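1. Kindly generate the corresponding structure for this input.
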Amino acid sequence: MSAGYLGLEEGNRALQVGAYHQAFEIFMAMVESGEDPAFYKLCEMVLQGQLDDSARQTFIHRLSQDIEMGNGVAAFNAGVLYSRGLGFSLDLEKAVDMFNLAIANKVAEGYLALARLYIAHLGQLPLASAENIAELLEKGARAGSIEAAFTLGRLYTQGDVLRRDPSRGFLFLFLAAIQGHEDSKRALMVLQTMHATEPFEREQKTAKEMLYRIKNPYDEPEQDDHFVR
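-> The predicted structure is shown next:
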């Protein structure tokens, strides 16, 4: 069991009993040791209002330092805080910049976060369009974000943000489902009930190929699937 995992367990126990300062010190020590997952926990503490002013300022200062050094996880968390106006002043354009920096540093959830920001501000931010939302979520799904696959599948089945497309909806819901996503499994049952005569065999095959590529990113694919747009 890794030291980082033990640190997360210890920090989570402190959170559960309301020992927020102790949890803060544990997670900050992990950050100092290069344990990026601790940034997520500290960001959650800011969002939940569990840090006092001094601790919050210390965290924000360290977050800013790591962003300057090109830490994608730090940038992702800064994007979340900028988008909520917590820790940093509310600044949606800065949030977009931070999520793009996270994406550039191969943080798969950056695609999902940016897509969600665009969905919440559809037509208000310069690039907040249905086309860009779909592209971000597909890239996130292909980079390994299960939530991005689920979100894209739901958008294609709901037909509000994106044009309704049951085939593509099935594809991405199935991709999330075969990675264990329970909400996707339930959504697939509904979709299959609505389209009882459609086996979606091609979509299942494509999703399985996509999952193979996610798990084996350095293997050359035999052929491109037909769903890439």
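
2. so the residue lying farthest from the centre of the chain is in which element?
-> With distances taken as Cα atoms, centre = their mean, the residue sitting farthest from the centre of the chain turns out to be Thr197, at 33.6 Å. Here Thr197 sits in a region with no helix or strand, counting by DSSP states H and E.

3. Tell me the pLDDT of it.
-> The score at Thr197 is 91. That number is its pLDDT.

4. Tell me the spacing between it and Leu173.
-> Counting by Cβ to Cβ, to the nearest Å, the separation of Thr197 from Leu173 is 18 Å. C-beta here means a position set from N, CA and C on the backbone, and glycine is covered the same way.

5. same check, this time on Asp97
-> According to Cβ to Cβ, Asp97 and Leu173 sit 31 Å apart.

6. pLDDT weak spots in this protein?
-> Scanning the chain for pLDDT under 70 picks out 1-6, 220-229.

7. mind running it again at 50?
-> Applying pLDDT under 50 to the predicted model, the residue ranges of the chain that meet it are 1-3, 224, 226-229.

8. quick one, what contacts the spatially most central residue of it?
-> Nearest residue to the geometric centre of the chain (Cα atoms, centre = their mean): Glu109, 2.6 Å. Listed by Cβ atoms under 8 Å, 6 or more residues apart in numbering, the contact partners of Glu109 are Phe76, Ala102, Gly140, Ser145, Glu147, Ala148.

9. which of those residues lies closest to Arg13?
-> Phe76 (25.1 Å; Cβ to Cβ).

10. count of neighbours near the closest residue to that closest one other than its chain neighbours?
-> The spatially closest residue to Phe76, leaving aside those adjacent along the chain, is Ala102, at 3.8 Å (Cβ to Cβ, 6 or more residues apart in numbering). Using other Cβ atoms under 10 Å, Ala102 has 27 neighbouring residues.

11. returning to what we had before: distance-wise, check the residue nearest to the centre of the chain relative to Met194.
-> From Glu109 across to Met194, the span is 30 Å (Cβ to Cβ).

12. Same check on Gln204?
-> As for Gln204, its distance to Met194 is 17 Å (criterion: Cβ to Cβ).

13. who has more neighbours, these two?
-> In this view Gln204 and Met194 are compared by other Cβ under 10 Å, and Gln204 has more residues nearby, 15 against 10.

14. Which of the contacts of Glu109 fall in helices?
-> Mapping the contacts of Glu109 onto helices (DSSP state H) picks out Phe76, Ala102, Gly140, Glu147, Ala148.

15. can those go into JSON lines with extra columns for distance to Tyr212?
-> Output for the ones in helices among the contacts of Glu109, formatted as JSON lines (distance: Cβ to Cβ, whole Å):
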{"residue": "Phe76", "distance to Tyr212": "26"}
{"residue": "Ala102", "distance to Tyr212": "25"}
{"residue": "Gly140", "distance to Tyr212": "18"}
{"residue": "Glu147", "distance to Tyr212": "20"}
{"residue": "Ala148", "distance to Tyr212": "18"}
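
16. so which pair among those residues is furthest apart in space?
-> Distances among the ones in helices among the contacts of Glu109 were taken as Cβ to Cβ; the most separated pair is Ala102 and Glu147, at 14.6 Å.

17. got the phi/psi numbers for Leu136?
-> Reported as degrees, to the nearest 10, the phi and psi values for Leu136 are phi -60, psi -50.

18. Any figure for the gap between it and Ala148?
-> Shown here: Leu136 relative to Ala148, a distance of 8 Å by Cβ to Cβ.

19. Now do the shared contacts for the two.
-> Overlap of the contact sets of Leu136 and Ala148 (by Cβ under 8 Å, 6+ apart) consists of Tyr111, Leu112, Ala115.
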